[in-house]
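Participant: with the input below, show me the fold.
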Amino acid sequence: INNSKTNSTSILQDPVISEAKSLLNTISLLERANLKWGILHLDLKDTFTPEQSEKWINEFEKLRNDKTNTLHYYSVDVNKTSFGWTELLKKCSPYMKLLWGITEDNLQLHGGFVIQYSKYSNHSLVLHTDDSDITINVCLKSQHVVGNHIRFHGKRSTKVYKPDQWGGQVDIQPIQNWALIHEGQHSHETLPLESGERWNVVLWFKKKERVNK
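Facilitator: All right, here's what the predicted structure looks like:
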């Protein structure tokens, strides 16, 4: 890829390797929109059914007094539930290989937790980075949400896109049954919830050689 002439829309026109073209052609323009920030917002399509999502949310509700992640008042250890994170990782793996050169075989789950945003639970999240190489953030349920965007600060480089400028910020509203995939060190925060309810599963993956280091 020739990065010397890239600009904010070049991901849609640049000649890239055939594998990248083929894979990018399987996703929509909406999914591609945030690639210039080093973020993939991926439609999971039929990976999970609405019935499965409701089942997991019911499991999470029973464990809502847990506090797995110190940044949130309410969070649940995903390993205490039947959430199918291995299937999710397999679905995301081709895109992670394309963007960051990482596959499911290179990764190990380092932490996974469920977060509810609502009037009676979490409302926002301070600016932070994740203790991960790759984070997959799945929106299981989103009802009448106003506000509560995830704000990413700065752009990150990937194998198919090198930004011409590195500053700025982008606000992304999680979509039900979609996943946000990004590098753990990409600074982000969750803006205040004005109304509605949202359930997310956040998975932190580390390269196997970095686990326990």
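Participant: please make it C-alpha for all contacts and neighbour counts, starting now.
Facilitator: OK.
Participant: residue nearest the centroid of this structure?
Facilitator: Among the residues of the chain, the one closest to the centroid is L180, at 2.4 Å (Cα atoms, centre = their mean).
Participant: for the nearest residue to that residue once chain neighbours are set aside, list the residues it contacts.
Facilitator: Distances taken as Cα to Cα, 6 or more residues apart in numbering put H41 closest to L180, at 4.5 Å, once the chain neighbours are dropped. For H41, the contact set (Cα atoms under 8 Å, 6 or more residues apart in numbering) comprises 30-32, 34, 178-181.
Participant: so where do the helices sit in the chain?
Facilitator: 18-24, 29-32, 50-62, 85-100 (DSSP state H).
Participant: any idea how far the longest one is from the chain center?
Facilitator: The chain centroid and the centroid of helix 85-100 are separated by 11 Å under Cα atoms, centre = their mean, to the nearest Å.
Participant: tell me the buried residues in that helix?
Facilitator: Under the neighbour-count criterion of 16 or more other Cα atoms under 10 Å, helix 85-100 has 85, 88-89, 92-96, 98-100 buried.
Participant: avg pLDDT for that helix?
Facilitator: The average pLDDT for helix 85-100 rounds to 91.
Participant: contacts for it?
Facilitator: With Cα under 8 Å, 6+ apart as the test, helix 85-100 has contacts from 20, 23, 44, 47, 102-104, 158-160.
Participant: show me which of the residues you listed is closest to D133.
Facilitator: When these are compared for distance to D133 (Cα to Cα), I102 wins out at 9.5 Å.
Participant: how much space separates the closest residue to the closest one other than its chain neighbours from D105?
Facilitator: Of all residues not flanking I102 in the chain, M96 sits nearest, at 5.5 Å (Cα to Cα, 6+ apart). Here M96 is placed at a distance of 11 Å from D105 (Cα to Cα, to the nearest Å).
Participant: if you rank the contacts of H41 by neighbours, which is first?
Facilitator: When the contacts of H41 are compared by neighbour count (other Cα atoms under 10 Å), A179 ends up highest, at 24 neighbours.
Participant: beta partners of the spatially closest residue to that residue that is not a sequence neighbour?
Facilitator: Nearest residue to A179 in three dimensions, chain neighbours excluded: V138, at 4.3 Å (Cα to Cα, 6+ apart). Counting by DSSP bridges, V138 forms beta bridges with A179, V201.
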